[in-house]
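# take this sequence and fold it.
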Amino acid sequence: MENQEFKEQLGQKVERIEALLKRYLPRETGYQKTVLQAMNYSILAGGKRLRPMLMQETYRLFGGEGQVIEPFMAAIEMIHTYSLVHDDLPAMDNDEFRRGRKTTHVVYGEALAILAGDGLLNFAFETALKAFALPEASGNTGRLARALTVLAAKAGVYGMIGGQTADIEAEECETLTKEQLLFIHAHKTAALIEAAMMVGAILAGAGEAEVDLIEKCAYNVGIAFQIQDDILDVTGDTRLLGKPVGSDEKNHKQTYVTLNGLERSAEEVARLSEEAVMILDGFEHQNPYLRELILTLINRRS
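So this is what the prediction gives:
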């Protein structure tokens, strides 16, 4: 796929995802409207919309059609956003900027930021469950239930939350092993990417072996994405990233870069990327856009 063609498609797809998210966000009314405003502020702050896009493109890879994927696309972005809201809190990373503007706790205060994160997590599952009410869900409730199970597991204590816990506790460790670090990356970052691609495959009717391969592909993407994030925290530009660089060092975090150096980290990103693409290329049907998306996101500079 030509670079210009990919960029044009990327812009169009992000716009469509933004419109989809707005359709599913709560109305800012009632006595609880402040928390609803904080939720919407958080999710409408922009971003790559990587997870819903990966979900939709994997759905298309396996021949998926229709709207049943859409509530899950909105749900996974809500889950991802809630994790960022909580991650930015003073008790955790204490960041003041996210996606180029002030973080939720800076604008609304810590208490409302916590509640906004809680609200997004709960509302995510309310939103995903709306897929069961769609006409095309008839006869496919098994797929929907399996997709919901994957989404819940990958976001929970055996997925993203487990990774976040290990990450916090690692801050107290003088030395961190590669095994510990990979656990953190696999659960804190890769788990939601796995969920996105697995849900897309499941809802499209992919077989068990295909879903397993997609999980492996997504694992590679997630680990490579996080290592690249670690690299950018050292070499990136705040103006391009939309968040401060050097936050890992400021918070005394050990990362893949601190353990292995920039050169070896870049080599690992390349290896994981190649393996992920090989998995995609092995499927009977192809989605050139998905292939290019993965390579672009892993090798990003911002």
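
# tell me the centre residue of the chain?
Centre of the chain computed as the mean C-alpha position; nearest residue by Cα atoms, centre = their mean is R51, 4.5 Å away.

# what's the closest non-adjacent residue to it?
Leaving aside its sequence neighbours, R51 sits nearest to A196 (Cβ to Cβ, 6 or more residues apart in numbering; 4.3 Å). No exception for glycine: its C-beta is placed from N, CA and C like everyone else's.

# where are the low-confidence patches of the chain?
236-252, 302 (pLDDT under 70).

# which helix runs longest in it?
If you go by DSSP state H, the chain has its longest helix at helix 208-235.

# give me the buried positions along that helix.
Of all the residues in helix 208-235, those buried under the rule 16 or more other Cβ atoms under 10 Å are 210-211, 213-215, 217-233.

# now do the strands in the stretch 51-200 of the chain.
97-98, 101-102 (DSSP state E, counting those that start in this stretch).

# out of those, the one nearest S83 is which?
Set against S83 and scored by Cβ to Cβ, the strands of the stretch 51-200 of the chain come closest in strand 97-98, at 11.5 Å.

# what pairs with that closest one, parallel or antiparallel?
Note on strand 97-98: by DSSP bridges, its sheet partners are strand 101-102 (antiparallel).

# chain center to the partner strand, what's the gap?
20 Å (Cα atoms, centre = their mean, to the nearest Å).

# T235 versus A152, what's the distance?
Between A152 and T235 the distance is 36 Å, computed by Cβ to Cβ, to the nearest Å.

# my bad, R264
14 Å.

# kindly report the same for T104.
In terms of Cβ to Cβ, T104 sits 27 Å off from T235.

# pull the contacting residues for T127.
Listed by Cβ atoms under 8 Å, 6 or more residues apart in numbering, the contact partners of T127 are 24, 71, 74-75, 78.

# swap in 10 Å and give it another go.
Contacts here follow Cβ atoms under 10 Å, 6 or more residues apart in numbering; on that basis T127 touches 21, 24-26, 70-79, 120.

# neighbours around the closest residue to it other than its chain neighbours, how many?
The shortest distance from T127 to any non-neighbouring residue, by Cβ to Cβ, 6+ apart, is to A75 (4.7 Å). For A75, the count of nearby residues is 31 (other Cβ atoms under 10 Å).
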